[in-house]
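K.L.:
Need coordinates for the below:
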Amino acid sequence: MVVHAYYPLGETRVEREAQALIRNGYRVDVICLKNEDDLAVETVNDVTVYRLPVQRNKERGLAMQLLEYLVFLLLAFAKLVTLYRQQRY
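P.N.:
A predicted model of the protein is given here:
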């Protein structure tokens, strides 16, 4: 799962979906934003969380928010390719 939010605190919908998948026997990885104090990779309630070095900041204006989304998109794509090569989803 890829989410432009903080996990697990920032996106309860994704957290609920991930837990439903876990209960049904699936392995779940989440790619999300990273706060300064968060670990880059950790397991939270059986979900492997990969945090990218991008932080949300809605106060910087529209152009900077678009840049933030673009950077997240590119980093998430690179992480997905790397994970896919390792794990063959």
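K.L.:
Centre-most residue in the chain?
P.N.:
If you average the C-alpha coordinates of the chain and look for the closest C-alpha using CA atoms, centre = their mean, you land on Cys32, 1.7 Å from that point.
K.L.:
pretty sure that residue belongs to a strand, no?
P.N.:
Yes. If the criterion is DSSP: H, G, I helix; E, B strand; the rest coil, then Cys32 is within a strand.
K.L.:
OK, contacts around Glu15?
P.N.:
Contacts of Glu15 were listed using CB atoms under 8 Å, 6 or more residues apart in numbering, and they are 7-8. (Glycine included, C-beta is placed from N, CA and C.)
K.L.:
Which secondary structure state does it sit in?
P.N.:
Reducing the assignment to helix, strand or coil with three-state DSSP, the entry for Glu15 is helix.
K.L.:
thinking again about what came up before, gap between the nearest residue to the residue nearest to the centre of the chain once chain neighbours are set aside and Leu39?
P.N.:
With CB to CB, 6 or more residues apart in numbering as the criterion, Cys32 has its nearest non-adjacent residue at 4.1 Å, and that residue is Tyr7. Between Tyr7 and Leu39 the distance is 12 Å, computed by CB to CB, to the nearest Å.
K.L.:
any idea whether the residue nearest to Cys32 is helix, strand or coil?
P.N.:
coil.
K.L.:
And for Arg51?
P.N.:
Each residue gets one of three states, and Arg51 gets strand by three-state DSSP.
K.L.:
same question, Phe72
P.N.:
At Phe72 the chain is in helix, as set by three-state DSSP.
K.L.:
which ones are touching it?
P.N.:
By CB under 8 Å, 6+ apart, the contact list for Phe72 reads 4, 33, 52, 54.
K.L.:
what helix or strand does Asn57 sit in?
P.N.:
Here Asn57, judged by DSSP states H and E, is contained in no helix and no strand.
K.L.:
rewinding a little: so between Tyr7 and Leu39, which is more surrounded?
P.N.:
Tyr7 (23 against 12; other CB atoms under 10 Å).
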